[in-house]
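Student: Give me a 3D structure for the following:
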Amino acid sequence: MKRRNFIKVAVAGASFGSTAWHVRAQQTATSNQEAGNIPQLPQIDDPGELRGEMLYRQLGGTGERVSVIGLGGSHIGKPSLTPSESIRLIHQAIDRGITFMDNSWDYNEGQSEMRMGNALSEDGYREKVFLMTKIDGRGKEEASRQIETSLERLKTDHIDLLQHHEILRFDDADRIFAEGGAMEAFLAAKQTGKIRFIGFTGHKDPRVHLYMLETAAKNGFRFDTVQLPLNLMDAHFRSFARLVLPRLTEQRIGVLGMKTFGGADGVILKSKAVEPLKCLHYSLNLPTSVVITGIDRQEVLDQAFEAVKTFRIMDKVQVEALLAKTQEAAAAGHYELFKTTSHFDTTAKHPDWLGGDTPAVQALAPQGAG
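Tutor: Purely as a prediction, here's the structure:
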């Protein structure tokens, strides 16, 4: 898809209608409610538009419609998969209706982007998908370099959605929106047609997500998407669904659910409290635009389509019954390692991916400060 076709694509997406679902009144719950008044979980009223094997929902206020299942980029680049196996899974996913492609500059040392780029460069597949990737750079210079690298690996002249990756620390927001920060690189790339929409991701603490949204608002910016953990354990412990999700739906920001099974190794499933399909159904029952799931073999791809086929909107009683099964296991966050440990914090292990301080910070920082 060439940049000159962007307008046609946007118009086509908008023609589906401005509202894919109506958010229940309970979504007005906010994070400052008192401890005894737990914010209610938001739900959807409309599962989306069914076409073939896949459901499609609006991506926030972007005017785009995307598949409710997103193909996770990390799994597709795993060393246990050969490049040809990865490409076959990507092609089959697209052929069966998955349009949302997830990726990141840092996944598998670039292999994930390269494999996806090779897959999408064949037989017009690039024009069939909504391509997302993420970068880590917090300053303009490093962010610009990573954007160019991602474009080259993905073999495309534009990325549909670019996200600031792993917003785990409060200072990530400060660095990104500072003078000379990464947001300047994002806006410049958007101005030249290299990216279309802008979002951010993170998995550590809902308060960090809220601070990122507040920092954006103070700078006169509204994100198109936000990616966050949404799973059957999350509702009980430091909950993104209860604290962040209502804010996103109020602002019509596209919701990208991740860590449905707790991370790369399916940690939540090891609790034996829930089954894979129920995990996917729960995430689909939230006002998510996309539920991103790792797909590294045929049975997992089939499982994602089975989840869509069997999904029915659950009422509050049904959701509470499902959550009751995970309440004890989830209480202390033991199965959400991305919240309670550094196991999933790749930018903490590789701080060089974030880049150095901006010149303004360097001028102010005391020499020798650690």
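
Student: what residues are up against Leu151?
Tutor: Counting by CB atoms under 8 Å, 6 or more residues apart in numbering, Leu151 makes contact with Asp157, His158, Ile159, Lys194. (Each C-beta comes from the backbone N, C-alpha and C, glycine too.)

Student: could the residues you listed go into CSV alongside neighbour count, secondary structure and distance to Arg115?
Tutor: What follows is these, written out as CSV (neighbours: other CB atoms under 10 Å; DSSP: H, G, I helix; E, B strand; the rest coil; distance: CB to CB, whole Å):
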residue, neighbour count, secondary structure, distance to Arg115
Asp157, 12, coil, 19
His158, 21, coil, 19
Ile159, 23, strand, 16
Lys194, 19, coil, 21
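
Student: Now flag whichever of these is closest to Glu141.
Tutor: Among those, Lys194 lies closest to Glu141 (CB to CB), at 16.0 Å.

Student: quick one: the closest one and Ser80, what's the gap?
Tutor: Here Lys194 is placed at a distance of 32 Å from Ser80 (CB to CB, to the nearest Å).

Student: and if you look at Gln298?
Tutor: 14 Å.

Student: So those two - more neighbours on which side?
Tutor: Taking other CB atoms under 10 Å, Gln298 and Ser80 do not tie; Gln298 has more neighbours (12 against 8).

Student: ok, that one - contacts?
Tutor: Per CB under 8 Å, 6+ apart, neighbours of Gln298: Leu89.

Student: And the one 3 residues further on, by the same measure?
Tutor: Residues near Leu301 by CB under 8 Å, 6+ apart: Leu89, Gln92, Ala93, Arg96, Ile295.

Student: now with 6 Å?
Tutor: Ile295 (CB atoms under 6 Å, 6 or more residues apart in numbering).

Student: Can you name the element that comes right after the helix or strand in which it is found?
Tutor: Here Leu301, judged by DSSP states H and E, is contained in helix 298-310. Per DSSP H and E, the first helix or strand lying C-terminal to helix 298-310 is helix 316-324.

Student: State the mean pLDDT of that following helix.
Tutor: Helix 316-324 carries an average pLDDT of 93.

Student: Return the set of buried residues in it.
Tutor: Using 16 or more other CB atoms under 10 Å as the test for burial, helix 316-324 gives Val319, Leu322, Leu323.

Student: same question, stretch 171-179
Tutor: Buried residues in stretch 171-179 (16+ other CB under 10 Å): Asp172, Ala173, Arg175, Ile176, Phe177, Ala178.

Student: And stretch 305-315, by the same measure?
Tutor: If you call a residue buried by 16+ other CB under 10 Å, then stretch 305-315 has these buried ones: Phe305, Ala307, Val308, Phe311, Met314.

Student: what do you get for stretch 44-54?
Tutor: Quick answer for stretch 44-54 (16+ other CB under 10 Å): Ile44, Pro47, Gly48, Glu53, Met54.

Student: With stretch 68-83 instead?
Tutor: Going by 16+ other CB under 10 Å, stretch 68-83 has these buried residues: Val68, Ile69, Gly70, Leu71, Gly72, Gly73, Ser74, His75, Ile76, Gly77, Lys78, Leu81.

Student: Switch those residues over to JSON lines; also include distance to Met183 and secondary structure.
Tutor: Listed next are those as JSON lines, based on distance: CB to CB, whole Å; DSSP: H, G, I helix; E, B strand; the rest coil:
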{"residue": "Val68", "distance to Met183": "29", "secondary structure": "coil"}
{"residue": "Ile69", "distance to Met183": "30", "secondary structure": "strand"}
{"residue": "Gly70", "distance to Met183": "24", "secondary structure": "strand"}
{"residue": "Leu71", "distance to Met183": "27", "secondary structure": "strand"}
{"residue": "Gly72", "distance to Met183": "26", "secondary structure": "coil"}
{"residue": "Gly73", "distance to Met183": "23", "secondary structure": "helix"}
{"residue": "Ser74", "distance to Met183": "25", "secondary structure": "helix"}
{"residue": "His75", "distance to Met183": "29", "secondary structure": "helix"}
{"residue": "Ile76", "distance to Met183": "28", "secondary structure": "helix"}
{"residue": "Gly77", "distance to Met183": "27", "secondary structure": "coil"}
{"residue": "Lys78", "distance to Met183": "31", "secondary structure": "coil"}
{"residue": "Leu81", "distance to Met183": "34", "secondary structure": "coil"}
